[in-house]
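J.: have a look at this prediction, sequence included:
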Amino acid sequence: MKPLTPDEAVKIIEEGAPYKVPAKPPETDDRASKEAKLLGSTKEAIALRKAEINGEIKLLQSKLSGEINTIKASETAKERAGKHLAVFGALYLCTCTIAFLFSMSVLDTDSIAVAATLVTLVVTQLASILKTVVDTKEPKDPVELMSEIVHVTLGNETDTKS
């Protein structure tokens, strides 16, 4: 850079530097207008945050709904039947018993013994089906079986060495 001459320096001082930004005029807004601006921006910020939160909630709900549907789709028939019978099994047995009691009032005395035998047979079969569905164990995965055999074998070897 070349040095300034005294005339150039005086000119810059009197006229003002060309690189300086003119001073900002003081704000003439009163307090009410400032509060209105702040309140308007706050409302917008709150609305934006509320929309973000609602979007996150909907995303989480859809994700969890998808996981629930995946779990339901991967259930075995035994699991589904067990859940169904846990909810409605007692209702089925009560329906059979109520049907028997109703039939006793409608049938003549000779037919009551036959109806009692048939209802008893149905209730007994239904109860055995319920028990079979609930008590039947599902076959294990072969990898799990091998893992259990190895652990039992290793457990027995360490017991015999002690």
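T.: On my side now, so go ahead.

J.: now stretch 119-128: mean pLDDT?
T.: Averaging pLDDT along stretch 119-128 yields 81.

J.: mind saving the C-alpha coords of it as CSV?
T.: Written as CSV, here are the backbone C-alpha positions of stretch 119-128 (Å, rounded to 0.1, in the frame of the first residue of the first chain):
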residue,chain,number,x,y,z
VAL,A,119,-73.6,-81.9,26.6
THR,A,120,-71.2,-83.6,29.0
LEU,A,121,-69.4,-85.2,26.1
VAL,A,122,-69.1,-81.9,24.3
VAL,A,123,-67.9,-80.0,27.4
THR,A,124,-65.4,-82.7,28.2
GLN,A,125,-64.0,-82.7,24.6
LEU,A,126,-63.8,-78.9,24.6
ALA,A,127,-62.0,-78.9,27.9
SER,A,128,-59.5,-81.5,26.6
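
J.: quick check: the most centrally placed residue in the chain vs Ala73, distance?
T.: In the chain, the C-alpha nearest the mean C-alpha coordinate belongs to Leu64, at 3.3 Å (C-alpha atoms, centre = their mean). Plainly put, Leu64 is 15 Å away from Ala73 if you go by C-beta to C-beta, to the nearest Å. C-beta here means a position set from N, CA and C on the backbone, and glycine is covered the same way.

J.: what does Leu126 give?
T.: The value you get for Leu126 to Ala73, if C-beta to C-beta is used, is 28 Å.

J.: so where is the chain shaky, pLDDT-wise?
T.: 1, 16-29, 31-32, 34-40, 133-141, 156-162 (pLDDT under 70).

J.: just the helices in it please.
T.: Here the chain has its helices, by DSSP state H, at 6-15, 31-73, 77-106, 109-135, 142-161.

J.: now find how far off-centre stretch 92-111 is within its chain.
T.: How far stretch 92-111 lies from its chain's middle: 45 Å, per C-alpha atoms, centre = their mean, to the nearest Å.
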